[in-house]
Structure formats: C-alpha cells, structure tokens
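K.L.:
take a look and give me a structure for this.
(chains A and B)
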Amino acid sequence: MAIKADVQLDVKGLTCPMPIVKTKKAMNDLTDGQILEVQATDKGSKADLAAWAESIGHLYIGIIEEDDVLLHYIRKSGDSEVVEKKFEQTITNEEVIDRASNGGFILDVREEAEFTFGHIEGAKSIPLGELEERLDELDKEQEIYVICRTGKRSDLAAQKLSQKGFTKVYNVLPGMGSWNSELSKEL
Amino acid sequence: MSNKVAIIASNGGLFDAYKVFNIATAAAATEKEVAIFFTFEGLNLIHKQANQALPIPEGKEHFTEGFAKANVPSIPQLVEMAQDLGVKFIGCQMTMDVMGLTKEDFIDGIEVGGAVTFLEFAKDASPTLTF
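P.N.:
Okay, here's the model as predicted:
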C-alpha cells in the first residue's frame, strides 16, 4: 500500500555512502515534522538509514520492501521538539485503553505514515495538519484521548479542539514513543 | 559524545581511497566534523593527476568490473562530495617536501600542515581511524 510522504527521494541503483549523503541533502529542504520517503536498492541502507536517523535525531518510522526496492520513511525532527505542554487535561498511556473501552475515543494526530507503522487498536488517524478541516468526524459528546509520539502535537491538537468547543478532551502522556502494549499495523 | 571524526590516510591504492572517502562522507552526512590527514602514499588520493587513476592491488584487477556493476562513484566524485559536505583535507607538509610536491600539485581547497595540525584536531575526536 502507498504511504503518504511529503517528499520522495530516489536513490535506486546507488551504493554506500550515496543513499546517506543524498538523504542528508534532501532532509535539509524539509520542514520539521515532514516525512521523507527514500527509495533505495542498496541493501546496506536497511541498517544504515535507521542508524543515520538515530544519530541525527530524526524519527525513523519504518521500512517497506516492494519487489527489489526498499522504501524508508523518516520524519524530520528539529530542536523545536522540546516545548512545554500547555493543555491541562491529561491522562497516562496506562489509563487510555480502559477509558477508551468505556466509550471513549482515541485520536492519533501523528502523520499517516507513523500511524501505519503502528498504532493503538481502534484509534482513529487524523494528522494534526488536517484536524481543523476534519472536525466534523469527531463527536463533542464523546471523551477524546489525543495521542502523538511525544505529547507535543497532541497538546496542540487538544488545545485546538478545546477552542472549537470540545470539552471532553485529554492529552495522552507520554505518548506512542513510550507505548509498551500491543500495536496494530496496516501494512 | 564527540562530534569529530579524524582520519589518517597513509596508503595510495584505489581500495584505500574508497575506505577513506566512504567513511569520511558518511560521517560528514551524519553531521560530524571530519578531517583527513594525507601522508606518504596517502597523498595520492588528493593528487590532481594520481587520484584519477589509482592502482588496484595486483591480482585484484577483476574488481574493476564489480565497481562498475555496483555503480560505485569514482574517487574524484567522492572527493568533491566530501569537500561539499565540509570534510577538511590536510596534506602532510613533511611528506610533500620529501616527494618534491607543492600545494599546486593537489586538488583545490586543501590545507597543508604538520603532524601537530592533525593532532590538534584529533585530540577530542572519536573515532580516529587510520587507513
């Protein structure tokens, strides 16, 4: 299946160190939070791109193998990741499953690609950037547990929902980055 | 954690060149500050003419085909890429004097220095590699 990415980079046919060098250059042109798809045939890129992302501090979301092509997904992270969280109603990772099974609703505001590579069973995906135009998909009467990777995007989303008249909104902390229970994938 | 990678290039064959420049460009692309100290035969790797046709070890000539097939960039291409990524090249003054070479014999953009120039860079680098 196709995974949504903001920018595609074709490094098919290139060998080490070219996939890394080209990825680094392409990444310079992305803004924080955007997703880069790297299309590679170098088998070494499997381990290399993940290690590269880890070393720089970008999020390596995952890899798909299609025929002989490796599709890597990397989300650009910048220094702006560390921001104080403002939204006051919060619940913990541990609480969210119980609360959701009692009629609540888990809203995952990470990018589609991140969601695809692993999310909580039953969660709905609306990336933060699309939230405003998709509010009609949400129910004001239902409790909404907003989650992302670190609690930062979900904090912004919860603030936005609250401004739009949603009162039963909770930011889930610390978020999917520390999720230890089962995950669903859509690959 | 150190953000520097220091490399000594002291051999002048094609394989040596790939080891040096692949590690250097990969490190630079990972946002490390990289310097390479070229000494003795290692100076071939940045010599204007010599680095266009570096020798392949005897008996390994069949690798030429493999390099072409794997679409590996040429050494001059890797050199350009490394410089583009900010890798610093230091030519060893003493070896240049011994070989009767001057800065003009080498590609543009190199520095010339002695052992201390490299040691100063390498004192807080991790790793320091020798090829």
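
K.L.:
residues in contact with the lowest-mean-pLDDT helix or strand in chain A?
P.N.:
When each helix and strand of chain A is scored by mean pLDDT, DSSP states H and E, helix A:93-101 comes last, with a mean of 89. With contact meaning C-beta atoms under 8 Å, 6 or more residues apart in numbering or on different chains, helix A:93-101 is reached by A:91, A:104, A:106, A:120, A:122, A:143, A:145, A:147, A:170, A:172-175, A:178-181. All C-beta atoms are positioned from the backbone trio N, CA, C, and that covers glycine.

K.L.:
got the buried residues for stretch B:97-114?
P.N.:
B:105-107, B:110, B:112-113 (16 or more other C-beta atoms under 10 Å in any protein chain shown).

K.L.:
oh sorry, the question was meant for stretch A:175-187
P.N.:
Within stretch A:175-187, the residues scored as buried using 16+ other C-beta under 10 Å are A:175-176, A:179.

K.L.:
stretch B:14-30 too?
P.N.:
B:14, B:16-30.

K.L.:
and for stretch B:77-88?
P.N.:
Of all the residues in stretch B:77-88, those buried under the rule 16+ other C-beta under 10 Å are B:78-79, B:81-83, B:85, B:87-88.

K.L.:
for residue 7, which non-adjacent residue is spatially closest?
P.N.:
Because you didn't say which chain, this covers chain A. A:Leu36 (5.2 Å; C-beta to C-beta, 6 or more residues apart in numbering or on different chains).

K.L.:
not what I meant, chain B
P.N.:
Leaving aside its chain neighbours, B:Ile7 sits nearest to B:Ile36 (4.5 Å; criterion: C-beta to C-beta, 6+ apart).

K.L.:
test my guess that the one you found contacts B:Gly86.
P.N.:
No. B:Ile36 is beyond contact range of B:Gly86, at 11.9 Å (criterion: C-beta atoms under 8 Å).

K.L.:
hmm, who's touching stretch A:109-118?
P.N.:
Contacts of stretch A:109-118 (C-beta under 8 Å, 6+ apart): A:1, A:3-5, A:33, A:35, A:59, A:61-62, A:73, A:75, A:108, A:123, A:125-128, A:131, A:146-149, A:153-154, A:157, A:176, A:183-187.

K.L.:
first-to-last residue distance for stretch B:111-125?
P.N.:
One end of stretch B:111-125 to the other measures 19 Å (C-alpha to C-alpha, to the nearest Å).

K.L.:
element containing A:Thr31, please.
P.N.:
For A:Thr31, there is no host helix or strand (DSSP states H and E).

K.L.:
so how far is chain B from the residue nearest to it when sequence neighbours are not counted?
P.N.:
Among residues not flanking A:Thr31 along the chain, A:Lys76 sits closest, at 7.1 Å (C-beta to C-beta, 6+ apart). Note on A:Lys76: its distance to chain B, by C-beta to the nearest C-beta, to the nearest Å, is 13 Å.

K.L.:
pretty sure A:Lys76 is touching A:Gly57, no?
P.N.:
No. Assessed by C-beta under 8 Å, A:Lys76 is found out of contact with A:Gly57, at 9.5 Å.

K.L.:
which of the two has more neighbours?
P.N.:
More neighbours surround A:Lys76 than the other of A:Lys76 and A:Gly57, with 22 against 12 (other C-beta atoms under 10 Å in any protein chain shown).

K.L.:
got the contact list for the more buried one?
P.N.:
Residues counted as contacts of A:Lys76 (C-beta under 8 Å, 6+ apart) are A:27, A:30-36, A:58.

K.L.:
wasn't B:Leu129 part of a helix?
P.N.:
No. Assessed with DSSP: H, G, I helix; E, B strand; the rest coil, B:Leu129 is strand; it does not lie in a helix.

K.L.:
let's have the buried residues of stretch A:175-187 in TSV, adding pLDDT.
P.N.:
As requested, the buried residues of stretch A:175-187 are exported to TSV (pLDDT from 0 to 100):
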residue	pLDDT
A:Gly175	93
A:Met176	94
A:Trp179	91
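
K.L.:
what about those residues, which are in strands?
P.N.:
Within the buried residues of stretch A:175-187, no residue falls in strands by DSSP state E.

K.L.:
take those and keep only those in helices.
P.N.:
Of those, none are assigned to helices by DSSP state H.

K.L.:
can you tell me which of the residues you listed are up against chain B?
P.N.:
Filtering these for neighbours of chain B using C-beta under 8 Å from any C-beta of the partner chain leaves an empty set.

K.L.:
I'd like these laid out as a markdown table, including distance to A:Glu137.
P.N.:
Shown next, in a markdown table, are the buried residues of stretch A:175-187 (distance: C-beta to C-beta, whole Å):
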| residue | distance to A:Glu137 |
| --- | --- |
| A:Gly175 | 21 |
| A:Met176 | 20 |
| A:Trp179 | 23 |
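
K.L.:
any idea what A:Val172 is bridged to?
P.N.:
A:Ile91 (DSSP bridges).
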